[in-house]
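**Q** below are the sequence and a predicted model; questions follow.
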Amino acid sequence: MLVAFSVSPSGGDETGGVSEAVAAAVRVVRESGLPNETNAMFTNIEGEWDEVMAVVKKAVEAVAAASPRVSLVLKADIRPGYTGQLTAKVERIERELGGG
């Protein structure tokens, strides 16, 4: 499965700043060992349901350490039997555009 998610402190009570809290969440994802990428809006992660959701939970907990209120946006593409889709989906579009 592919999951795109965004997690950040919510409200005005952040003690360490939004960037620091988001960096802590991204660090959790990168240390998970699962395929991932981060862009300006979301962090994408690929793996099996339980392992991906466990990483998302840990990322939320990392942000919650800096703020009593956390905002989470999550979108999932659940397609059993497929792996490598984090890059394959983009590669298919690039081929259509004539870029690769």
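**A** Perfect, I can see it now.
**Q** okay, CA-based contacts and neighbour counts for the rest of this
**A** Noted.
**Q** so what's residue 37 up against?
**A** Residue 37 makes contacts with 43, 44, 45, as judged by C-alpha atoms under 8 Å, 6 or more residues apart in numbering.
**Q** just the buried members of the residues you listed?
**A** 43, 44, 45 (16 or more other C-alpha atoms under 10 Å).
**Q** how far away is the first one from residue 81?
**A** Relative to residue 81, residue 43 is positioned 22 Å away (criterion: C-alpha to C-alpha, to the nearest Å).
**Q** repeat that for residue 72.
**A** To residue 81, residue 72 is 27 Å away according to C-alpha to C-alpha.
**Q** residue 1 too?
**A** Residue 1 is 9 Å from residue 81, by C-alpha to C-alpha.
**Q** how about residue 2?
**A** To residue 81, residue 2 is 12 Å away according to C-alpha to C-alpha.
**Q** residues contacting the most centrally placed residue in the chain?
**A** Closest to where the C-alpha atoms of the chain average out (C-alpha atoms, centre = their mean) is residue 43, at 3.1 Å. Contacts here follow C-alpha under 8 Å, 6+ apart; on that basis residue 43 touches 4, 5, 6, 26, 36, 37.
**Q** neighbours of residue 20, how many?
**A** 16 (other C-alpha atoms under 10 Å).
**Q** again with residue 50
**A** With other C-alpha under 10 Å as criterion, residue 50 counts 9.
**Q** quick one: secondary structure of it?
**A** At residue 50, secondary structure determined by DSSP: H, G, I helix; E, B strand; the rest coil is helix.
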